[in-house]
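>>> Can you look at this prediction? I've put the sequence above it.
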Amino acid sequence: MRMSRRVENLPPYLFVEITEKIAEKRAKGEDVVSFAIGDPDIPTPPHIIDKLCQAAHDPANHRYPETAGLSELRQAIAGWYKRRFGVSLDADKEVLPLIGAKEGIAHIALCFINPGDTALVPDPAYPVYSASTILAGGRPYYMPLTEQNNFLPDLDIIPDYILRRAKLLWINYPNNPTGAVANLDFFNKVVKFAQQHNLAICHDGPYSEVTFDGYQPVSFMQADGAKEVGVEFHSLSKSYNMTGWRVGMVVGNAEVVDALKRVKSNLDSGIPQAIQYAAIEALTGPQDCIQKHNAIYQKRRDLVVDMLNRLGIEAKPPKAGLYIWAKVPEGYTSVDFATELLERVGVVVTPGVGYGRRGEGYVRLSLTVPDVGLVKGLSRLAGWRSTRVKPRNNLT
Ligand SMILES: Cc1ncc(COP(=O)(O)O)c(C=O)c1O
């Protein structure tokens, strides 16, 4: 058998490798605490599950759904954007439900990228932006996200010859993996940049509801002219602990939404309808669960950052998102450090280099560890001592 070059060129998906490593350890009877994957441990709120169960019993929901989703779901998404961000959307033309944001992020490359085209992709980043570009036959051009630049891409240093062949620019705030946030000034600048260089913007914002210390996020759709140049991906996964149900959305530019709908209608048959009803309930029902979840994550954030700092590991508390982006101690690469934590103290963290070359020097810790595991993980971390240089920690 001979596989396509596009499959051969794909790097292995980061979390598949990590999950396999954890499974291997557990199969040997070793107890592992994983801070690796951003998959909320808190259950989906009961009112959403009740709606799902009720809808699952209705035979009308046992049949093929439509790619465009139920009109009621598109209306619910438009209503949520209006209430949440003051953004008006045409539910029929500017909203498309997705089988999770990842699905839409993967497929949108097929709307823009011809073989040899360039997509501007942050580095480090959620790996699907570059993978989808590669699958479509395109080339990612990596925009460094550095601490000096508050983990925002410096658009002014992208070379002209790259801009001439670039069709798409990816951004993601609150950011995975760095925890950085962006304000409306930045989004306005991105819109202007897109207009100047004839780029489409894809903003990925699934963490906008996971916020701490009173931080108020903004939607890319609030920027002046955003709808003329781009779309925003969003998801119910992190806001309502619904990763397992697979439901997200893309909103914004009608031409882009229509192109993605055309691609998807040839590839999938939409979100199971019972799940669409659960999503409507999530978006239109009581929202107090969000604050409750954020209070839990905030407590975990503070415990993790405090422990890392006490070990001499530099990490700042993020204002939003599910991740701590911590600097690896002196003498280690991100893979060395992650390997050492796994082998010596049974704690899994994600090496930053898995998110791109500029992720080297960091590891990511997810806050989606149940409290019991978190306490165990932190006490194990407390026992870690650097094997590479004189310890700098303040625990003794
Ligand atoms: C930045 C980012 N975008 C998109 C997704 C995927 O979300 P969904 O579960 O809706 O596919 C994730 C998941 O971790 C993510 O971190």
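Noted; the coordinates are in hand.

>>> CA atoms for contacts and neighbours, from now on please.
Fine.

>>> Flag the shaky bits of the protein, pLDDT-wise.
14, 389-396 (pLDDT under 70).

>>> Near the ligand, which residues of it are found?
Neighbours of the ligand within the chain, by CA under 6 Å from any ligand atom: 38, 100-102, 126, 176, 204, 206, 235, 237, 243, 247-248.

>>> tell me the two of the residues you listed that are most distant?
Farthest pair in the residues of the chain next to the ligand (CA to CA) is 176 and 247. Separation: 18.8 Å.

>>> ok, residues contacting the longest helix seen in the chain?
If you go by DSSP state H, the chain has its longest helix at helix 288-310. Identification of contacts with helix 288-310 by CA atoms under 8 Å, 6 or more residues apart in numbering yields 42, 45, 209-212, 239-240, 314-317, 322, 324, 326, 367-368, 371, 374, 378, 381-382, 393-395.

>>> Could you tell me which of these belong to helices?
Going by DSSP H, the helices hold 371, 374, 378, 381-382 from these.

>>> Make CSV from those and add neighbour count to it.
Below are those laid out as CSV (neighbours: other CA atoms under 10 Å):
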residue, neighbour count
371, 15
374, 19
378, 18
381, 19
382, 16
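
>>> ok so, going back, would you mind listing which of the contacts of helix 288-310 are buried?
For the contacts of helix 288-310, a burial check counting by 16 or more other CA atoms under 10 Å picks out 45, 209-212, 239-240, 314-317, 322, 324, 326, 367-368, 374, 378, 381-382, 393.

>>> Strands of the stretch 251-396 of the chain, residue ranges please.
Along the stretch 251-396 of the chain, the segments classed as strands by DSSP state E, counting those that start in this stretch run 323-327, 347-348, 350-351, 362-366.

>>> So for residue 181, which of the ones you listed sits nearest?
Closest among those, once you apply CA to CA, is strand 323-327, at 12.2 Å.

>>> Residue 92 reaches residue 72, doesn't it?
No. With contact defined as CA atoms under 8 Å, residue 92 does not count as touching residue 72 (10.3 Å).

>>> In terms of packing, which of those two has more residues around it?
residue 92 (16 against 13; other CA atoms under 10 Å).

>>> Name the SS class of the more buried one, please.
coil (DSSP: H, G, I helix; E, B strand; the rest coil).

>>> Spatially, what comes nearest to it if we skip its sequence neighbours?
Using CA to CA, 6 or more residues apart in numbering and skipping the chain neighbours, the partner closest in space to residue 92 is residue 74 (7.0 Å).

>>> Can you pull the phi and psi angles for that neighbour?
Main-chain torsions, residue 74, degrees, to the nearest 10: phi -60, psi -40.

>>> Find the centremost residue of the chain, please.
Central residue of the chain (CA atoms, centre = their mean): residue 176, 5.4 Å from the mean position.

>>> And that residue, how far from residue 207?
8 Å (CA to CA, to the nearest Å).

>>> swap in residue 223?
The spacing between residue 223 and residue 207, counted by CA to CA, is 18 Å.

>>> quick one, which of those two is more surrounded?
residue 207 (24 against 20).

>>> Over to that one. Which of the three states is it?
Of the three states, residue 207 takes coil according to three-state DSSP.

>>> give the contact list for it.
173-175, 238-239, 320-322.

>>> Mind doing that once more with 6 Å?
Taking CA atoms under 6 Å, 6 or more residues apart in numbering, we find residue 207 in contact with 174, 321.
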